[in-house]
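Colleague: here is a sequence together with a model predicted from it:
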Number of protein chains: 2
Amino acid sequence: MAGPSPEDREDIPAQLRAAGLRVTAARATILDLIRTHPHSDAEALARAARGRLGSVSTQAVYDTLHALVRAGLARRIVPADHPARFEARIGDNHHHLVCRNCGRVEDVDCVVGAAPCLTPDATRGYAVDEAEVTFWGLCPECLGQGVTDKPDISG
Amino acid sequence: MAGPSPEDREDIPAQLRAAGLRVTAARATILDLIRTHPHSDAEALARAARGRLGSVSTQAVYDTLHALVRAGLARRIVPADHPARFEARIGDNHHHLVCRNCGRVEDVDCVVGAAPCLTPDATRGYAVDEAEVTFWGLCPECLGQGVTDKPDISG
DNA sequence: TCCCATATCTTGAACTGCTCCAGATTCCTC
DNA sequence: GAGGAATCTGGAGCAGTTCAAGATATGGGA
């Protein structure tokens, strides 16, 4: 799991343009933040973006995230009962390890192969394009704090 | 994929008691509805329950659903960007086929084995207890209507 | 280097799905 | 039956996200 290389970070304006998006401070900053802090949720990204830029509206953050996802520069993942999270590692069909307690997300390389890495026995007429695998459990920190089970159906 | 047998349906009061729940019309009705109409969301179940019983409060429906889930008689599944859905098929580690467009859900038998049916290469210190597999695609009806791609990041 | 069309951002309100609260009612156990 | 716990009702409240309309900034062409 390689982190973003310096080149990737420098290329951000070019990548935004290549994706047909105008380059604005908010967009460049948010894309960089998604790369350096993958699996952050919208609110964390908004807070971090404000730390760098001074002020960015919540709506601009959501707009930017939508635009990045639509352009294929970011991916949105939604663990059940947790706010949406964003990552820039796309196209490699990896999966996720999610903590039932705190919602922390980690990447896990695909155990099987390229997308869709699994195929159901019976597709029932569906045109399947993706098999999303989520491993649920407890992260080391929550284990260390003695959390032993899922808190309840919606935490 | 066997549907609920008549015996299962008759046994509902006994099953509720066995799970430590008192037997009420709303609970019995909702559990029956979950069995006969798996993957319904709370609102649909509420509507159906009202159709049978005359009136049931929204709160009663949510309470009952929570109680059933907590008691292990039902399972709550939350496809990204769709309201929670409930099913009574539990403990057999099956997976789901979800339509990106309309949110329809179908059961799919586990391709691999018993839970957790897959194991990540690196658990990163997590205590993994479940591998949830969701197959994303388009259902036959949406395909028939010419829907060709996911509508957008949140429908 | 300036201009214009329009993509993007701001502000403020609203929406969905769900939860919580307090009091009234119902049901299981003895 | 009686009593107390569990459950139901109705309404308010919340987080995360989206909608709407006007202001502002960006990028290609003159």
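Modeller: Thanks, I have it. Note that the coordinates shown come from a computational prediction; the quantities given were computed from them, not determined experimentally. Numbers count the residues shown, from 1 in each chain, chains lettered A, B, ... in the order given.

Colleague: in this structure A:Leu45 contacts A:Ile30, no?
Modeller: Yes: with contact defined as C-beta atoms under 8 Å, A:Leu45 reaches A:Ile30; the gap is 5.8 Å. C-beta: built from backbone N, CA, C; applies to glycine.

Colleague: overlap of the contact sets of the two?
Modeller: Residues touching both A:Leu45 and A:Ile30 by C-beta atoms under 8 Å, 6 or more residues apart in numbering or on different chains: A:61, A:65.

Colleague: neighbour-wise, which of these two wins?
Modeller: Neighbours per residue (other C-beta atoms under 10 Å in any protein chain shown) separate A:Leu45 from A:Ile30, with A:Ile30 holding more: 30 against 22.

Colleague: can you list the strands that the longest strand along chain A pairs with?
Modeller: Secondary structure of chain A per DSSP state E: the longest strand is strand A:127-138. Each strand pairing with strand A:127-138, determined using DSSP bridges, is listed with its direction: strand A:95-99 (parallel), strand B:127-138 (antiparallel).

Colleague: the shortest one and DNA strand D, any residue contact?
Modeller: Which is strand A:95-99. No: in this structure, strand A:95-99 remains apart from DNA strand D according to C-beta under 7 Å from any atom of the strand; the gap is never smaller than 14.8 Å.

Colleague: how about stretch A:79-86?
Modeller: Yes: part of stretch A:79-86 sits near DNA strand D under the criterion C-beta under 7 Å from any atom of the strand, namely A:83-84.

Colleague: can you name the residues in contact with that stretch?
Modeller: For stretch A:79-86, using C-beta under 8 Å, 6+ apart, the contacting residues are A:34, A:38-43, A:45, A:65, A:68-69, A:74-78, A:96, A:98, A:103, A:105, A:134, A:153-155, B:77-78, B:80, B:84.

Colleague: isn't A:Arg100 right up against A:Leu143?
Modeller: No: counting by C-beta under 8 Å, A:Leu143 is not a contact partner of A:Arg100; they are 11.0 Å apart.

Colleague: circling back: how about the next helix or strand along the chain from the longest strand of chain A, does it get close to chain B?
Modeller: Towards the C-terminus, the helix or strand next in line after strand A:127-138, according to DSSP states H and E, is helix A:140-144. Yes: using C-beta under 8 Å from any C-beta of the partner chain, a contact is recorded between helix A:140-144 and chain B, made by A:140, A:143.

Colleague: against DNA strand C, how distant is A:Arg76?
Modeller: 16 Å (C-beta to the nearest atom of the strand, to the nearest Å).

Colleague: which residues of chain A lie near DNA strand C?
Modeller: Within chain A, the residues that sit near DNA strand C (C-beta under 7 Å from any atom of the strand) are A:21-22, A:24-27, A:55-60, A:63-64, A:67, A:153-154.

Colleague: understood, closing this out.
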